[in-house]
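Undergrad: Sequence first, then the predicted structure, then my questions.
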Amino acid sequence: MDIQNNLKLAQQEICQQHGVSFCPSPKNHKVGISFITKNNIYPINGLRYTPNRDTTGWFIWQGEESPGLDDDYFLPLHVSHLLDCCPEIIIYLGLPPGWRFLIAPGYIDVWFDKNLLKI
């Protein structure tokens, strides 16, 4: 089994743990990301809006503060490149719109935020 299949299975397992349907993030679609290289700043945050065209709806950033959706803050990055810069988040990218995650050393939280569906 190749790495893509293993990641898909891990994403499906996360969705199953939270009782939600798997909503894939195709590797040729983009996320909005505030960092490109691993620089050990925690927590790593992710939230998913409704996908649109060639975007997954995911926005990912590091640190305590939520940056808002300022166009200059997030850079587009294809899902296929996340394995190089932040592999620990990939298993959460199958969660459907409205879901969030927060990852820190020794801590992981995943939750639904209905307000994300209003935007």
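TA: Arrived safely.
Undergrad: And for the residue lying closest to residue 107 once chain neighbours are set aside, the neighbour number?
TA: Leaving aside its sequence neighbours, residue 107 sits nearest to residue 43 (Cβ to Cβ, 6 or more residues apart in numbering; 7.6 Å). Where C-beta positions appear, they are placed from N, C-alpha and C, glycine not excepted. Using other Cβ atoms under 10 Å, residue 43 has 17 neighbouring residues.
Undergrad: which strands and helices sit next to the helix or strand of the chain with the lowest mean pLDDT?
TA: In the chain, no helix or strand scores lower on mean pLDDT, DSSP states H and E than helix 82-85, which sits at a mean of 87. Applying 3 or more Cβ pairs under 8 Å, 6 or more residues apart in numbering; DSSP states H and E, one finds that helix 82-85 makes contact with strand 30-33.
Undergrad: Pull the residues that contact the strand it packs on.
TA: Applying Cβ atoms under 8 Å, 6 or more residues apart in numbering, the contact partners of strand 30-33 are 25, 54-56, 58-61, 74-79, 82, 85-86, 93.
Undergrad: re the thing from before, how far away from the center of its chain is the least confident helix or strand of the chain?
TA: Taking Cα atoms, centre = their mean, to the nearest Å, the mean C-alpha location of helix 82-85 is offset from the chain mean by 12 Å.
Undergrad: Buried residues, it. List them.
TA: The neighbour-count check on helix 82-85 (16 or more other Cβ atoms under 10 Å) flags residue 82 as buried.
Undergrad: from the middle of its chain, how far away would the helix or strand following that helix be?
TA: Using DSSP states H and E, the helix or strand that follows helix 82-85 in sequence is strand 99-104. Averaging C-alpha positions (Cα atoms, centre = their mean) puts strand 99-104 8 Å from its chain's average.
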